[in-house]
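**Student:** kindly generate the corresponding structure for this input.
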Amino acid sequence: MQQRTLGPRTVSAIGLGAMPMSIEGRPDEQRSIATIHAALDAGVTLIDTADAYHRDAGEVGHNEELIARALRTYGRDTSDVIVATKGGHLRPGDGSWTLNGRPEYLKEAAKASARRLGVDAIGLYQFHRPDPEVPYADSIGAIRDLLDEGVIRLAGISNANVAQIDQANEILGGRLASVQNQFSPAFRSSLDELRHCAALGVAFLPWSPLGGIARAGEIGSHHAAFQRVADARGVSPQRIALAWELALAPVVIPIPGSSRPESVLDSVQAAELTLTDDELTLLSAGA
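**Tutor:** Numbering: from 1, shown residues only. You can find the predicted model right below:
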């Protein structure tokens, strides 16, 4: 599979978003592990998770532990796989989300994530979402300390604006490896952040790159241009959407969520699909 740069590492151009395997409506564990194994078979070397990807109050880190089991049982070398996890966003177990960006909390959360993943150092750790009750510099300072202490190998941020990207990169001493923001055919508000990452050479990881779990199947019906190109190519509009995102900048690494092996296989093939200039113009127009 085509590869892209994430800090000093190279990873697959398409990652795997493992969140759907642990939240509401999740599949049984056997299918989830089969999906992760299918992604690895297809050449995926970036798996996205977070300690908050769980359903019930007593299962914080469910998704991290699931990924760890899948990697242990794969039966082949997984040393080139980066598991990217996040901290600072919490789910009390009632369907709501809360925030905790306190430095002391983030440091403990990262160490707990490392234990669940069964690693000495987390491949990529990202501050999940700014906490309005905590100065952003303090939260990023904790991420810097984790990087300096070797608890994490790469540092990133999520749900950040351009000013926060610059602030985080400065605090991290130019070591910001990634920015994970929402971006899809339906949600293009992070285009400025994507372009800024491209200028900095920082990986941009679109979350919900197909519009989210409930809307991924609606790309073709809601975005006529994507269906038109898909029909002409004889592929799914979802594959066209991922290929379009990859074409926006060489730093883009989409992480489509998946809970089925067949959807993983469709997604990864986007990395081998080269769109024409006319197709890109049509898709970028938002039709």
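**Student:** which residues in the protein form helices?
**Tutor:** Assigned by DSSP state H, the helices in the chain fall at 29-41, 62-72, 103-117, 136-149, 162-171, 191-200, 219-222, 224-233, 237-248, 261-268, 277-284.
**Student:** ok now the fourth one, how far from the chain's centre?
**Tutor:** I take that to be helix 136-149. 20 Å (Cα atoms, centre = their mean, to the nearest Å).
**Student:** use 26 as the first number from now on
**Tutor:** Understood, numbering begins at 26; the last thing we discussed is helix 161-174.
**Student:** alpha carbons of that helix, as PDB, please.
**Tutor:** Coordinates of each C-alpha in helix 161-174 appear next as PDB, following Å, rounded to 0.1, in the frame of the first residue of the first chain:
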ATOM      1  CA  TYR A 161      -4.100  24.900  26.400                       C
ATOM      2  CA  ALA A 162      -0.400  25.400  27.000                       C
ATOM      3  CA  ASP A 163      -0.700  23.500  30.300                       C
ATOM      4  CA  SER A 164      -2.300  20.500  28.600                       C
ATOM      5  CA  ILE A 165       0.300  20.500  25.800                       C
ATOM      6  CA  GLY A 166       3.000  20.900  28.300                       C
ATOM      7  CA  ALA A 167       2.000  17.500  29.800                       C
ATOM      8  CA  ILE A 168       2.200  15.900  26.300                       C
ATOM      9  CA  ARG A 169       5.700  17.400  25.900                       C
ATOM     10  CA  ASP A 170       6.700  15.900  29.300                       C
ATOM     11  CA  LEU A 171       5.400  12.500  28.200                       C
ATOM     12  CA  LEU A 172       7.400  12.800  25.000                       C
ATOM     13  CA  ASP A 173      10.600  13.800  26.900                       C
ATOM     14  CA  GLU A 174      10.100  11.000  29.400                       C
END
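**Student:** just checking, what packs against it?
**Tutor:** helix 128-142, strand 149-152, strand 180-183, helix 187-196 (3 or more Cβ pairs under 8 Å, 6 or more residues apart in numbering; DSSP states H and E). (Glycine included, C-beta is placed from N, CA and C.)
**Student:** change it to 6 Å
**Tutor:** helix 128-142, helix 187-196 (3 or more Cβ pairs under 6 Å, 6 or more residues apart in numbering; DSSP states H and E).
**Student:** what angle do that helix and helix 187-196 make?
**Tutor:** If you take axes from the mean of the first three to the mean of the last three Cα atoms, to 10 degrees, helix 161-174 sits at 40 degrees to helix 187-196.
**Student:** enumerate the positions of helix 161-174 that are buried.
**Tutor:** Judged by neighbour count (16 or more other Cβ atoms under 10 Å), helix 161-174 contains these buried residues: 161, 164-165, 167-169, 171-172.
**Student:** check the offset of the worst-scoring helix or strand of the chain on mean pLDDT from the chain's centre.
**Tutor:** Comparing every helix and strand of the chain by mean pLDDT, DSSP states H and E singles out helix 244-247 as the least confident one, with a mean of 90. Computed by Cα atoms, centre = their mean, the chain-centroid distance of helix 244-247 equals 23 Å.
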